[in-house]
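Q: Dropping a prediction and its sequence here:
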Amino acid sequence: MDDAVVRKLPWCRGRVEEALLSVRNMHIEYQAERGQVKAVRGVDFDIVPGENLSLIGESGSGKTTLGLGLIRLLVKTATIRQGQIVYRRDGVERDVLAMDEDEVRHFRWQECAMVFQSALSAFNPVLRIRDQMHETVKAHRPTTRSEVDNIARSLLTRVQLEPDRVLRSYPHELSGGMRQRVLIAMSLLLNPPIVILDEPTTALDILTQRTIIDLLRALQNDMQFAMMFISHDLSLAAELADHVATMYAGRIVEYGTVNQIFYEPRHPYTLGLIKAVPTVTGGFEDLTSIAGTPPDLIDLPTGCKFHIRCPFGTEKCAREEPDLIHIGPEHAAACYHWEEVERQSDVPWDEIRPARGGDA
Ligand code: ADP
Ligand code: MG
């Protein structure tokens, strides 16, 4: 590609050339009646082969938009304003945003597959599962029915479904949990190096959620694909993740290893999310949620987009938006007060006060 040089992110381990996917300065907007919805604002990250990056954040923070942007499956009213997506495989770098329609279609299943939350709408209602799987493979490379049958049987068995029964079913004949497992199997038909899973278990009951998380872990172990696991559920993300990125109002506000994010969060928003998770022992008395609501993405406030809800917020936060900066090995945060967050991480959320003269 022409513009092969991608800035290294100091908090990401290894050399940038080892990353499977490098995303830089992504900005995505929707055209709405009231104006431009700034859904993704300057997102940077790398995914290395086999890694699991979990993307967490409240509803409306831009997670789905980012996922769709990566595979260029955005609706017509959405525009990628700026940014770079570099995909690397076998030593070859490709610029995803410069791909033509054919190349993108190939990229979408074969290199980077996506599993959505709404399982039923992802299927063609009038095709049996066997035919959907056959069509999917056939759209990407020459194949035979028996080849696809073999791959499909093997994948369906791995997601603990009965292949014969499922292959002859129509989508509506399967339960929600079964459909979600079929979708996961379908996403892996072409053995892609990356799979994006957008809230893959949100519509399911807790037991089924667990099963699917266990299956994903086993599949990832066997097949070694990298995963971007999108969720608003921290406990699910924690079970799979190597790294976690917290998203707020269209930006990654903290990036770290799973342990850093859960035990040493340095962005007040991540801290708030973690304090809002009921612990097994703590029960619901311990449940505090972050007061207030996310900002209007059409008419964004100045400064840090979290400052209005933030117990650490100062005048500087209201004025200038902090960059995501490197704060330790594999750890980055977009907060002027991250060191204070460290000092007050044991204080209950509603008793946190900014340090005096905290307006550094
Ligand atoms: P998340 O997946 O984190 O819940 P989304 O990416 O779905 O967030 O949404 C990010 C923002 O973009 C939200 O404010 C949402 O209302 C807005 N948005 C999503 N889809 C559209 C659309 N088609 N048109 C206009 N705004 C949209
Ligand atoms: Mg979403």
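A: Nice, thanks for sending it over. Ligands and ions are numbered 1, 2, ... in the order given.

Q: Quick check: the gap between Thr65 and ligand 1.
A: 3 Å (CB to the nearest ligand atom, to the nearest Å). (C-beta placed from N, C-alpha, C; glycine too.)

Q: tally of neighbours for that residue?
A: Thr65 has 23 neighbouring residues, counting by other CB atoms under 10 Å.

Q: Name the helix or strand for it, please.
A: If you go by DSSP states H and E, Thr65 is part of helix 63-70.

Q: Could you tell me how far the next helix or strand after that helix lies from the centre of the chain?
A: Counting by DSSP H and E, the next helix or strand C-terminal to helix 63-70 is strand 78-89. In terms of CA atoms, centre = their mean, to the nearest Å, the centre of strand 78-89 is found 15 Å from the chain centre.

Q: in the helix or strand following strand 78-89, what counts as buried?
A: Downstream of strand 78-89, the first helix or strand assigned by DSSP H and E is strand 92-95. Buried residues in strand 92-95, defined by neighbour count with 16 or more other CB atoms under 10 Å: Arg94.

Q: for strand 92-95, the distance to its chain's centre please.
A: Centroid separation for strand 92-95 versus its chain: 22 Å, with CA atoms, centre = their mean.

Q: Repeat that for stretch 314-332.
A: Centroid displacement of stretch 314-332 relative to its chain, using CA atoms, centre = their mean, is 21 Å.

Q: List the contacts of the helix holding Thr65.
A: For helix 63-70, contacts defined as CB atoms under 8 Å, 6 or more residues apart in numbering pick out 21, 23, 26, 28, 30, 39-40, 43, 55-57, 74, 78, 80, 85, 96, 112, 114, 196, 198, 228, 230, 232, 247.

Q: With only the CA atoms kept, save that helix in CSV.
A: In CSV, the C-alpha atoms belonging to helix 63-70 read as follows (Å, rounded to 0.1, in the frame of the first residue of the first chain):
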residue,chain,number,x,y,z
LYS,A,63,-19.0,0.0,19.6
THR,A,64,-21.2,-1.4,16.9
THR,A,65,-20.4,1.6,14.6
LEU,A,66,-16.7,0.9,15.0
GLY,A,67,-17.1,-2.9,14.4
LEU,A,68,-19.2,-2.2,11.2
GLY,A,69,-16.7,0.4,10.1
LEU,A,70,-13.8,-2.1,10.3
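
Q: still on that earlier bit, out of the contacts of helix 63-70, who's near ligand 1?
A: Restricting the contacts of helix 63-70 to those within reach of ligand 1 (CB under 6 Å from any ligand atom) leaves 30, 39, 57.

Q: Locate the closest residue to the last one other than its chain neighbours within the secondary structure: which element?
A: So the one you mean is Gly57. Closest residue in space to Gly57, ignoring its immediate chain neighbours: Met247 at 3.6 Å, by CB to CB, 6 or more residues apart in numbering. Assigned by DSSP H and E, Met247 belongs to strand 243-248.

Q: Please state the mean pLDDT value computed over that strand.
A: For strand 243-248, mean pLDDT rounds to 97.

Q: How far does that strand sit from its chain's centre?
A: Chain-centre distance of strand 243-248: 8 Å, with CA atoms, centre = their mean.
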